[in-house]
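>>> what's the 3D shape of this:
(one chain, ligands or ions: 1)
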Amino acid sequence: MEHNLLSTKDADGYGILDAADKRGYKNAYIDYLQKLALDREGAFKSTDIVLDFGCGIGRFCPWLASRCSQVYGIDPGTEVLRLAVQYNARPNIVYQVYDGETLPFPQSYFNAILCVFGGVLQKHVFPEEQLTHIVGELQRVLKAPGMIIAIEHVYGRTPARHYPREELLAHFTRHGLVCTSHYPIRKGHWPILYMIRLGLIPASLLPRLAQYELDKRRRERESYLDYKDYLFRFEKKG
Ligand SMILES: C[S@@+](CC[C@H](N)C(=O)[O-])C[C@H]1O[C@@H](n2cnc3c(N)ncnc32)[C@H](O)[C@@H]1O
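Numbering: from 1, shown residues only. Model prediction:
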């Protein structure tokens, strides 16, 4: 993936990853770590039809397409989707714009759904009512049994504009989705991340560092001031 693509902003001005990371080392690290976390989760199967909800520039779509039978990437942003089509096209990926509310798919269409929110799951972007509606939509288009993997920032001391972890969980469980695991995979302001961003750590070490960080975060205590990327696994039981 081209590094400058990862510093793209979406239509609301949020970075796909860190929009200020012009050299791209930090974004490449986060991209690698998140995909490693998904691989460890073993969530996607070769026969799966998968939805990448809020796919942005299609960062995960080729990765999913190499593991699954068919991938749909949807997003309300036409500019990010244009980049997705230009840089991340594959024969088994369909990119589709949607209105941000109603998923353009029939009931029980997907075996699995990936949602990597990257910090946009905030109250002014997805107000309570819209979030409830969207989770209901995700539940509707998911087969039973089926699985949703979500990655989103979780704050130790939640700023007013973000949803606390318990509220996020409640939005999914309200629709009958069972959270079978959730755990931190990455720390937002890890000092080593700054060193990576400055190019002080050789790129060849980044894969090992990502493995180290994934293991480290799972062992850590809950309390922290910073945000962490959490991986959530929800299941729709058959
Ligand atoms: C931080 S980016 C993450 C993109 C991608 N999932 C990734 O991790 O590379 C957040 C994405 O959410 C999309 N988004 C904003 N509102 C949305 C909505 N109502 N439904 C789905 N996606 C939305 C934005 O257009 C943007 O592409």
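>>> so Tyr95 is in contact with Val80, correct?
No. Tyr95 is not in contact with Val80 according to Cβ atoms under 8 Å; the separation is 9.6 Å. C-beta coordinates here come from the backbone N, C-alpha and C atoms, glycine included.
>>> what do those two both touch?
Jointly contacting Tyr95 and Val80 under the rule Cβ atoms under 8 Å, 6 or more residues apart in numbering are Cys55.
>>> adjacent strands (with direction) for the strand or helix carrying Val71?
Using DSSP states H and E, the element containing Val71 is strand 70-75. Using DSSP bridges, strand 70-75 pairs in its sheet with strand 49-53 (parallel), strand 93-97 (parallel).
>>> tell me the most buried of these?
Most buried of the strands paired with strand 70-75 by mean neighbour count (mean count of other Cβ atoms under 10 Å) is strand 49-53; its value is a mean of 24.
>>> the helix or strand containing Leu114 to strand 70-75, inter-axis angle?
When elements are assigned from DSSP H and E, Leu114 belongs to strand 110-116. Put simply, strand 110-116 runs at 40 degrees to strand 70-75, going by axes from the mean of the first three to the mean of the last three Cα atoms, to 10 degrees.
>>> make residue 1 into 59 and carry on from there
From this message on, residue numbering opens at 59, which makes the last subject strand 168-174.
>>> who are the packing partners of strand 168-174?
With contacts taken as 3 or more Cβ pairs under 8 Å, 6 or more residues apart in numbering; DSSP states H and E, strand 168-174 sits against strand 107-111, helix 186-199, strand 200-213.
>>> make TSV out of those and add distance to the ligand.
Compiled in TSV, the helices and strands packed on strand 168-174 are given as follows (distance: least, Cβ to the nearest ligand atom, whole Å):
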stretch	distance to the ligand
strand 107-111	6
helix 186-199	6
strand 200-213	8
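>>> deepest-packed of the ones you listed, please.
Stretch with highest mean neighbour count among these: strand 107-111 (a mean of 24; mean count of other Cβ under 10 Å).
>>> pLDDT averaged over it - what is it?
Mean per-residue pLDDT for strand 107-111: 98.
>>> contacts for that strand?
By Cβ under 8 Å, 6+ apart, the residues outside strand 107-111 that reach it are 102, 116, 118-119, 122, 126-132, 161, 163, 167-173, 196, 199.
>>> starting at the chain centroid, how far to that strand?
11 Å (Cα atoms, centre = their mean, to the nearest Å).
>>> which SSE is immediately downstream of it?
helix 119-123.
>>> ok, how many other residues are close to Pro265?
13 (other Cβ atoms under 10 Å).
>>> ok, it touching Asp89?
No. Under the criterion of Cβ under 8 Å, Pro265 makes no contact with Asp89, lying 11.5 Å away.
>>> so where's this structure shaky on pLDDT?
59-61, 281-282 (pLDDT under 70).
>>> show me which residues of it sit near the ligand.
Applying Cβ under 6 Å from any ligand atom, we find that the chain lies next to the ligand at 68-69, 72, 74, 111-114, 117, 133-135, 138, 158, 174, 176, 178.
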